[in-house]
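Student: show me the folded form of this:
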Amino acid sequence: MLLTRPEPRRGHTRLKRRHAKGFTLIEVLVAIVVFSFGLLGMVGMQAFALQANREARLQSQATSLARELAEMMRGNMQIAAKTTSAENPYLGTFSAGSLNLSSPSYCLNVSNASTGCTSTTQIASAQMSDWLARVDTTLPGARVSVCLDGSPFTSDGLAQWSCSATGADEIIYIKIGWTQASTNKTLTGANAFEQTTDSTSHPGLTFPVTSGNSTSGNTP
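Tutor: Next up is the predicted model:
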C-alpha cells in the first residue's frame with residue numbers, strides 16, 4: 001500500500017510567504033535606522049574634528065605672532081626695557097576692532113633713509129604698527145595686551161587680561177585672545193563662541209618675554 005504525502009494547502013503557503021515578506025521589511029527598516037544613527041555620529045565627529053583643527057591652527061598662529069614680537073623687543077632692548085607706554089610703544093592694551101597705535105608709524109616701509117626711521121622709538125612704533133595689523137587679519141576678534149605683570153594668572157590658574165605691575169623686576173607678558181569655541185557645549189548659535197569682548201573672557205595665549213632665552217606661551 002502506497003502512502004502519499006498530502007500537498008500543503010495553497011492558502012497556508014501564501015500566508016507564510018506574506019509573513020516572510022513582513023519580517024524582511026522590518027529588518028530593512030531597522031537597518032536604515034541604525035545606518036542613519038551611524039551617519040549622524042560620523043557627521044558629529046567630522047564637525048568636532050574641524051573645530052578642533054581650527055582651534056589648533058589659531059593657537060599656533062597666535063604663538064608664532066607672540067614669539068615674533070618677543071624677538072623684535074629683544075632686538076630693540078633700549079626701548080623694550082622702558083616701563084611706560086609713553087616711552088615704550090611695545091606696551092599697551094588693544095581691544096578688538098581697534099588694534100592700532102594711537103600714533104602708528106610706517107617708517108620701516110620707506111626705502112629712503114632720509115625719511116625712514118630716525119630713532120629706536122620710531123622703529124618700535126613701526127614694528128608694533130605692522131605687527132598689530134597682522135594680528136588683526138590673522139586672528140578673528142583679536143585682543144592684545146602687552147604689559148609688565150607680576151600675576152598673569154588667577155588663583156584658579158586662568159590667564160587674565162588685567163596687569164598688576166608692582167615692581168621693576170617684573171617681566172613683560174604678551175597676552176593674545178581671539179574668538180574661540182566655548183567650553184560649555186550646551187550653548188548654541190552665537191553663544192557657542194567666547195568673544196574677547198565678553199566680561200568673562202580670558203587670553204588664549206600668555207607669552208612671557210625674557211631677556212634672551214626662548215620660551216613657549218602658556219595657555220589657560
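Student: check the gap between residue 74 and residue 144 for me.
Tutor: Taking Cβ to Cβ, to the nearest Å as the measure, residue 74 falls 18 Å from residue 144. Bear in mind the C-beta positions are built from the backbone N, C-alpha and C, glycine included.
Student: same check on residue 157?
Tutor: For residue 157, the distance to residue 144 (Cβ to Cβ) stands at 22 Å.
Student: higher neighbour count, the two?
Tutor: Higher neighbour count among residue 157 and residue 144: residue 144, with 28 against 8, using other Cβ atoms under 10 Å.
Student: mind checking the SS state of the more buried one?
Tutor: Three-state assignment for residue 144 (DSSP: H, G, I helix; E, B strand; the rest coil): strand.
Student: who's in contact with the residue nearest to it when sequence neighbours are not counted?
Tutor: Nearest non-adjacent residue to residue 144, counting by Cβ to Cβ, 6 or more residues apart in numbering: residue 94, 4.4 Å away. Residues counted as contacts of residue 94 (Cβ atoms under 8 Å, 6 or more residues apart in numbering) are 100, 132, 143, 144, 145.
Student: what count of nearby residues applies to residue 148?
Tutor: Counted by other Cβ under 10 Å, the residues lying close to residue 148 total 20.
Student: select the longest helix from this protein.
Tutor: Taking DSSP state H as the criterion, the chain has its longest helix at helix 10-75.
Student: and that helix, what does it pack onto?
Tutor: helix 120-138, strand 171-177, strand 180-181, strand 205-209 (3 or more Cβ pairs under 8 Å, 6 or more residues apart in numbering; DSSP states H and E).
Student: dump the C-alpha coordinates for the last one into CSV.
Tutor: Spelled out, it's strand 205-209. The C-alpha trace of strand 205-209 is given here as CSV (Å, rounded to 0.1, in the frame of the first residue of the first chain):
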residue,chain,number,x,y,z
LEU,A,205,47.8,82.8,25.0
THR,A,206,50.0,84.3,27.7
PHE,A,207,53.6,84.6,26.5
PRO,A,208,56.4,85.8,28.8
VAL,A,209,59.2,87.9,27.2
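Student: and it, how far from the chain's centre?
Tutor: 15 Å (Cα atoms, centre = their mean, to the nearest Å).
Student: rewinding a little: what angle do the longest helix of the chain and strand 171-177 make?
Tutor: Calculated by axes from the mean of the first three to the mean of the last three Cα atoms, to 10 degrees, helix 10-75 forms an angle of 150 degrees with strand 171-177.
Student: next structured bit after helix 10-75?
Tutor: helix 77-80 (DSSP states H and E).
Student: for residue 107, give me its contacts.
Tutor: 115, 116, 117, 118, 122, 123, 125, 126.
Student: dump these into TSV; add distance to residue 150, neighbour count and pLDDT as well.
Tutor: Listed next are the contacts of residue 107 as TSV, based on distance: Cβ to Cβ, whole Å; neighbours: other Cβ atoms under 10 Å; pLDDT from 0 to 100:
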residue	distance to residue 150	neighbour count	pLDDT
115	41	9	71
116	37	15	79
117	32	19	84
118	35	11	86
122	30	17	92
123	28	21	93
125	26	22	94
126	30	21	93
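Student: sort out which one of those lies nearest residue 39 for me.
Tutor: In terms of Cβ to Cβ, no member of these lies closer to residue 39 than residue 126, at 53.8 Å.
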